[in-house]
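*Asks:* build the 3D model from these lines:
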Amino acid sequence: MESYLNSNFDVKAKHSSEEVLEKWRNLCSVVKNPKRRFRFTANISKRYEAAAMRRTNQEKLRVAVLVSKAAFQFISGVSPSDYKVPEEVKAAGFEICADELGSIVEGHDVKKLKFHGGVDGLSGKLKACPNAGLSTNESDQLSKRQELFGINKFAESELRSFWVFVWEALQDMTLMILGVCAFVSLIVGIATEGWPQGSHDGLGIVASILLVVFVTATSDYRQSLQFRDLDKEKKKITVQVTRNGFRQKMSIYDLLPGDVVHLAIGDQVPADGLFLSGFSVVIDESSLTGESEPVMVSAQNPFLLSGTKVQDGSCKMLVTTVGMRTQWGKLMATLSEGGDDETPLQVKLNGVATIIGKIGLFFAIVTFAVLVQGMFMRKVSLGTHWRWSGDEALELLEYFAIAVTIVVVAVPEGLPLAVTLSLAFAMKKMMNDKALVRHLAACETMGSATTICSDKTGTLTTNHMTVVKSCICMSVQDVASKSSCLQSEIPEAALKLLLQSIFNNTGGEVVVNEHGKTEILGTPTETAILELGLSLGGKFQEERQSYKVIKVEPFNSTKKRMGVVIELPEGGRIRAHTKGASEIVLAACDKVINSSGEVVPLDDESIKYLNVTINDFANEALRTLCLAYMDIENGFSPDEGIPASGFTCIGIVGIKDPVRPGVRESVELCRRAGIMVRMVTGDNINTAKAIARECGILTYDGIAIEGPVFREKNQEEMLELIPKIQVMARSSPMDKHTLVKQLRTTFDEVVAVTGDGTNDAPALHEADIGLAMGIAGTEVAKESADVIILDDNFSTIVTVAKWGRSVYINIQKFVQFQLTVNVVALIVNFSSACLTGSAPLTAVQLLWVNMIMDTLGALALATEPPNNELMKRMPVGRRGNFITNVMWRNILGQSLYQFVIIWFLQAKGKSMFGLVGPDSTLVLNTLIFNCFVFCQVFNEVNSREMEEIDVLKGILDNYVFVVVIGATVFFQIIIIEFLGTFASTTPLTIVQWFFSILVGFLGMPIAVGLKKIPV
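*Replies:* Numbering: from 1, shown residues only. Got it, this is the predicted structure:
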């Protein structure tokens, strides 16, 4: 079975081709209810629609860009537009409507933009200020703006009501056939026996069908609500906005035309808009157009489209068009209908359901044929084969109903849906544990992870950074203890240069919030350095207003530094500042400021002293940054790059970022669970090694290597080196990508990778599980990730691994339980039909067994919470069989026991219990049914552990399991004692009840014996 599943029902956890997805669907021939079975699978036709829409967008934008380029040449001859402002827009106080705004940005219409007075003119017509943003003091003005221009929300599919799920559950082909059987049974029964005696069999089947439908619909409806809640969480995105003159964080869904949005590397453009100001802005429009070539955005080409991503630079943007008026809004509506890819387990269990369904169909046909043949032979022997009574017609109908019900029980429709149930449950719980799962498959794949490649900053450390040491003007100082007097120890000229560098060469900002308090915005590294600048008496706004910024090069993880070029007020001199990885910036310096504040050449002795200082800081687990400047003599054009050498070193700062509490224990837990943790960081190798030792990642036999050294290795050297690598420092995004690819392809590892930056996207995409940081992560990283770690904590990643294992094992438990019921129900009814000419389990009884096995079994076993024992076993890895030998041992052992018991009762039951008279067969069949159900109840308890002896451990922690078992027993008593007329049962004696429970209970010691058998 496993080889058949691997060749036909094997899909990847990520990036499966449409052909592979189509292939397994075509192989699912025996499907009782396609609507329900394929509810949580991708809608491939909708995906083709989205791809076609992307191609249309690409062509539209290509034409728009060509037209706008042509328009630039004739811009001086712009004739007055015939645009008239609609009356309702005028009445609201605006001078431009939503459609006109949309056509300007979407069509890249330079002529229209020029006619409306450029970006400044448009902001005026929108009653907005390019500096202070929108004013929301008047609530009626805000509501008018929303009414006229729309809100920044995309159309979503409506939440389906409970009755839609009831209707879908009724689409089950076998239940429909049983419904027809019930209707015919009612007609014939009432015609022959009268009302109400003749209606019991038919009404019994109808009641059973309705019970199955409502329980199934309730389970499916609850799942849909859970997925809806998770979808809402996925869409929570915030951006920096200036509104009412204050910079603030705001949900993208609250944006309105006229808002001023601040964009930086890695951000997703939240609405259509126009460039206001910024530097080096490069936009990736591939998500909208499929075009891989990035686009430069500037005052000359100011158009920014919703859904595109900032690849480089930073800027301010004026929002013009929002929500469903944008192309991205229309594309998102189509994409959301395309759905998520189905998970590997869903597909594999569809395969299992298909195989068993075909076997069940064969057995059902043979059982029906044997029962009909037995009846026909009996009539032939009596010479009545040409005369048929109503009772005989009902008997024939009952045989058909039994055959159909065998298909109901034999086709384990619930298997693929149990995966979805378990994943929905796990995803909801993981949300509470600060992990947001974006793709279903990641949940189960994480359970197989063998390697975690983790970032250092913010994941293993707290991301609360402070400058604790510095080496300014060749003098090492302890900033933490001397912050107040440090200012007086730095020469005045050097202090001026240092503050100039800190406040101008930064991606952060110091603002006054609406409560009048000073607030520092930016990354933790930028915040730490800006705090140092403020403590040295610097004033951010004064510094920024004193100099004209000519060019900005934001921090780049490949170059590992950032830079700015400014024009000085005295004499218009040009100065460049750079900041970044200490050894890289220091290598670009040929001068240094000495202790007297003078600029002197950087000789060998000074270089040695500074390198020793860098290593000393790094060995104390400090993150080191070097600040430098240079005066540019021969002028500078914004189109030029910032010089790469010739700088003067101002100083080096050491930033402390403490290790998170609990990380060491989590790393040790991973090691015991067979998961290798590797640190991949852009930091100095000595800093990385110090932190890695503190976390327990770097061991005596492990290797720490630098990215530039790693990328020089050939394939043969990598084969020997990679298994030993525990730390990679000064790594570029491509080094991380290479490491992940090698681990996955060459070493067959299941790799989880963390990332927060834009450049981490390729590695997150390549990994089996991409883990993005929720706090420090950019929108680009989150888009490429499968799971978002909301608290940026390594311990949360370990929790995700634990939940992943729990999902995988819970589904294995459910499969083991369901296949046991399948095997026994099939063999009992088939063999009994062949040997005795009758089936001991009726249609109504089999429907009840199906519900215990399918919906209730999935609820009980697929929602088992994880325990610490899960992290004491080795991971499944990439090649592990889903249905293991241990499972087959348990399935076959329990099936054999149950089959023997039922056959013994069929053969010796009457004499054993002294059953005589006309009701003896009914009593015996009731006893067989009762024993069979109690065997399943106790086997459900056995299935909680596939290898452990103690199956009761922690049973009370899972209230769902206890409720399901309790409800099953309660309703079984009701069916036997009070619903005999409908369910073809009769009340049992105390002895018979005791025997039924004992037979079920004996399955537990037998399970213990089976677990002792090695496989």
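
*Asks:* C-terminal to the lengthiest helix in the chain, what's the next element?
*Replies:* If you go by DSSP state H, the chain has its longest helix at helix 794-836. Sequence order places helix 843-851 as the next helix or strand after helix 794-836, per DSSP states H and E.

*Asks:* that next one - contacts with which helices or strands?
*Replies:* helix 173-193, helix 200-234, helix 390-410, helix 794-836, helix 920-942, helix 980-983 (3 or more C-beta pairs under 8 Å, 6 or more residues apart in numbering; DSSP states H and E). Heads up, the C-betas are built off the backbone N, CA and C, glycines and all.

*Asks:* would you turn the ones you listed into a markdown table with mean neighbour count and mean pLDDT?
*Replies:* Output for those, formatted as a markdown table (neighbours: other C-beta atoms under 10 Å; pLDDT from 0 to 100):
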| stretch | mean neighbour count | mean pLDDT |
| --- | --- | --- |
| helix 173-193 | 18 | 71 |
| helix 200-234 | 18 | 76 |
| helix 390-410 | 21 | 74 |
| helix 794-836 | 23 | 85 |
| helix 920-942 | 22 | 92 |
| helix 980-983 | 19 | 79 |
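
*Asks:* to Pro762, which of these lies closest?
*Replies:* helix 794-836 (19.9 Å; C-beta to C-beta).

*Asks:* helix or strand for Ile550, which one?
*Replies:* Going by DSSP H and E, Ile550 is part of strand 548-556.

*Asks:* check Ser645 too.
*Replies:* Using DSSP H and E, no helix or strand contains Ser645.

*Asks:* how near is the closest residue to it other than its chain neighbours to Val297?
*Replies:* Computed as C-beta to C-beta, 6 or more residues apart in numbering, the closest residue to Ser645 that is not its neighbour in sequence is Ala588, at 4.7 Å. As judged by C-beta to C-beta, to the nearest Å, Ala588 and Val297 stand 29 Å apart.

*Asks:* ok, Leu361 next?
*Replies:* Counting by C-beta to C-beta - Leu361 and Val297 are separated by 61 Å.

*Asks:* what strands flank the helix or strand following the strand holding Ile550, and is each parallel or antiparallel?
*Replies:* Helices and strands here follow DSSP H and E; after strand 548-556, the next one along the chain is strand 561-567. Next to strand 561-567 in the sheet, as set by DSSP bridges, lie strand 548-556 (antiparallel), strand 574-581 (antiparallel).

*Asks:* that older thread, and Ala588 and Val297? Which one has more around it.
*Replies:* A side-by-side neighbour count of Ala588 and Val297, using other C-beta atoms under 10 Å, places Val297 first with 25 against 18.

*Asks:* sorry, back to before: identify whichever of the strands paired with strand 561-567 lies nearest to Thr968.
*Replies:* Using C-beta to C-beta, the strands paired with strand 561-567 put strand 548-556 closest to Thr968, at 60.4 Å.

*Asks:* may I have that closest one as PDB, with CA atoms only?
*Replies:* Taking Å, rounded to 0.1, in the frame of the first residue of the first chain, the C-alpha atoms of strand 548-556 are listed here in PDB:
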ATOM      1  CA  LYS A 548      20.600  68.500   3.100                       C
ATOM      2  CA  VAL A 549      20.500  64.800   2.300                       C
ATOM      3  CA  ILE A 550      21.600  64.000  -1.200                       C
ATOM      4  CA  LYS A 551      21.600  60.200  -1.200                       C
ATOM      5  CA  VAL A 552      20.700  57.400   1.100                       C
ATOM      6  CA  GLU A 553      21.800  53.700   0.800                       C
ATOM      7  CA  PRO A 554      19.700  51.700   3.300                       C
ATOM      8  CA  PHE A 555      21.300  48.800   5.200                       C
ATOM      9  CA  ASN A 556      21.900  45.900   2.900                       C
END
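
*Asks:* start the count at 624 instead of 1 going forward.
*Replies:* Renumbered: residue one is now 624, and that last one reads strand 1171-1179.

*Asks:* can you give me the buried ones in that strand?
*Replies:* Neighbour counts using 16 or more other C-beta atoms under 10 Å place Ile1173, Lys1174, Val1175, Glu1176, Pro1177, Phe1178, Asn1179 of strand 1171-1179 among the buried residues.

*Asks:* can you mark which positions in stretch 1407-1419 are buried?
*Replies:* Ser1407, Ala1408, Asp1409, Val1410, Ile1411, Ile1412, Leu1413, Asp1415, Asn1416, Phe1417, Ser1418, Thr1419.

*Asks:* what about the first one, distance to Asp1383?
*Replies:* Here the distance between Ser1407 and Asp1383 works out to 8 Å (C-beta to C-beta).

*Asks:* list residues touching both of the two?
*Replies:* Listed as contacting both Ser1407 and Asp1383 by C-beta atoms under 8 Å, 6 or more residues apart in numbering are Ala1395.

*Asks:* share the number of residues neighbouring Val789, please.
*Replies:* Val789 has 17 nearby residues by other C-beta under 10 Å.

*Asks:* now swap in Trp786 and tell me
*Replies:* By the criterion of other C-beta under 10 Å, Trp786 has 10 neighbours.

*Asks:* using the three-state scheme, assign it.
*Replies:* helix (DSSP: H, G, I helix; E, B strand; the rest coil).

*Asks:* tell me the contacts of it?
*Replies:* Applying C-beta under 8 Å, 6+ apart, no residues contact Trp786.

*Asks:* that older thread, need the buried residues of strand 1171-1179 in JSON lines with pLDDT and distance to Ala1033, can you?
*Replies:* Below are these laid out as JSON lines (pLDDT from 0 to 100; distance: C-beta to C-beta, whole Å):
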{"residue": "Ile1173", "pLDDT": "89", "distance to Ala1033": "76"}
{"residue": "Lys1174", "pLDDT": "88", "distance to Ala1033": "72"}
{"residue": "Val1175", "pLDDT": "88", "distance to Ala1033": "68"}
{"residue": "Glu1176", "pLDDT": "87", "distance to Ala1033": "67"}
{"residue": "Pro1177", "pLDDT": "85", "distance to Ala1033": "62"}
{"residue": "Phe1178", "pLDDT": "82", "distance to Ala1033": "61"}
{"residue": "Asn1179", "pLDDT": "74", "distance to Ala1033": "60"}
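
*Asks:* any chance of those in TSV, plus distance to Asp1324?
*Replies:* TSV is the format used below for the buried residues of strand 1171-1179 (distance: C-beta to C-beta, whole Å):
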residue	distance to Asp1324
Ile1173	52
Lys1174	48
Val1175	45
Glu1176	41
Pro1177	40
Phe1178	35
Asn1179	35
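
*Asks:* contact partners for the residue most central in space within the chain?
*Replies:* By C-alpha atoms, centre = their mean, the chain has its centre lying nearest to Arg1061, at 2.1 Å. Contact analysis of Arg1061 by C-beta under 8 Å, 6+ apart lists Lys857, Lys1405, Ala1408, Asp1409, Val1410, Ile1411.

*Asks:* in strands, which of the residues you listed fall?
*Replies:* Val1410, Ile1411 (DSSP state E).

*Asks:* tell me which of the contacts of Arg1061 is nearest to Ser1355?
*Replies:* Out of the contacts of Arg1061, the member with the shortest distance to Ser1355 (by C-beta to C-beta) is Ala1408, at 19.4 Å.

*Asks:* what strand or helix carries the nearest residue in space to the closest one that is not next to it in sequence?
*Replies:* Excluding its sequence neighbours, the residue lying closest to Ala1408 (C-beta to C-beta, 6+ apart) is Ala1395, at 3.4 Å. Using DSSP H and E, Ala1395 sits within strand 1392-1396.

*Asks:* again, but for Val1208
*Replies:* Counting by DSSP H and E, Val1208 is part of helix 1205-1210.

*Asks:* and the contacts of stretch 1041-1053?
*Replies:* Under C-beta under 8 Å, 6+ apart, the answer for stretch 1041-1053 is 662-663, 842, 846, 849-850, 852-853, 966, 968-969, 972, 1059-1060, 1063, 1066-1067, 1422-1423, 1426-1427, 1429-1430, 1433-1434, 1437-1438, 1441, 1480-1482, 1484-1486, 1488.
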